[in-house]
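Chemist: what follows is a predicted protein model with its sequence.
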Amino acid sequence: PGGGGGLGGMPTTKDVSLEELSKYFHLPEKAVASQLGICLTSLKKLCRSYGITRWPFRKLKSIQRTMAKVGETADGNNSSTSSSPAPIPTQPP
């Protein structure tokens with residue numbers, strides 16, 4: 001009686017600060033829930049309470065991939081095929 005217990009009186013959510021939660025943004029949701037000892041649904045509820053509507057893991061991975069690609073093109077600027085267009089000559093009026 002009273003809810004919030006689960007088996008053995010374990011709480012279904014933990015008191016996790018946003019700062020602590022942000023340390024896990026580089027991991028998938030399931031892994032974070034497991035490390036925190038809560039179920040995935042509880043993690044999602046916790047995130048919503050902080051205004052996090054989507055877990056940022058995939059977005060961060062996407063940004064990291066984009067940055068890696070940009071780094072590769074920046075490193076390859078010495079090649080004969082440049083990705084930047086040639087300057088357009090201007091004629092005086």
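Modeler: Received it, and whenever you're ready, just let me know what you need.
Chemist: what are the boundaries of the helices in this protein?
Modeler: Using DSSP state H, the helices of the chain run over residues 18-22, 29-36, 40-49, 57-75.
Chemist: I'd like those as JSON lines, with mean neighbour count appended.
Modeler: (Glycine included, C-beta is placed from N, CA and C.) Shown next, in JSON lines, are these (neighbours: other CB atoms under 10 Å):
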{"stretch": "helix 18-22", "mean neighbour count": "12"}
{"stretch": "helix 29-36", "mean neighbour count": "15"}
{"stretch": "helix 40-49", "mean neighbour count": "16"}
{"stretch": "helix 57-75", "mean neighbour count": "11"}
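Chemist: tabulate those helices (TSV), appending mean pLDDT.
Modeler: Shown next, in TSV, are the helices of the chain (pLDDT from 0 to 100):
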stretch	mean pLDDT
helix 18-22	93
helix 29-36	95
helix 40-49	95
helix 57-75	89
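Chemist: any figure for the gap between residue 45 and residue 19?
Modeler: For residue 45, the distance to residue 19 equals 18 Å [CB to CB, to the nearest Å].
Chemist: same deal with residue 70?
Modeler: For residue 70, the distance to residue 19 (CB to CB) stands at 29 Å.
Chemist: what's the answer for residue 48, then?
Modeler: According to CB to CB, residue 48 stands 17 Å off from residue 19.
Chemist: what's the answer for residue 40, then?
Modeler: 21 Å.
Chemist: next one: residue 54
Modeler: The spacing between residue 54 and residue 19, counted by CB to CB, is 19 Å.
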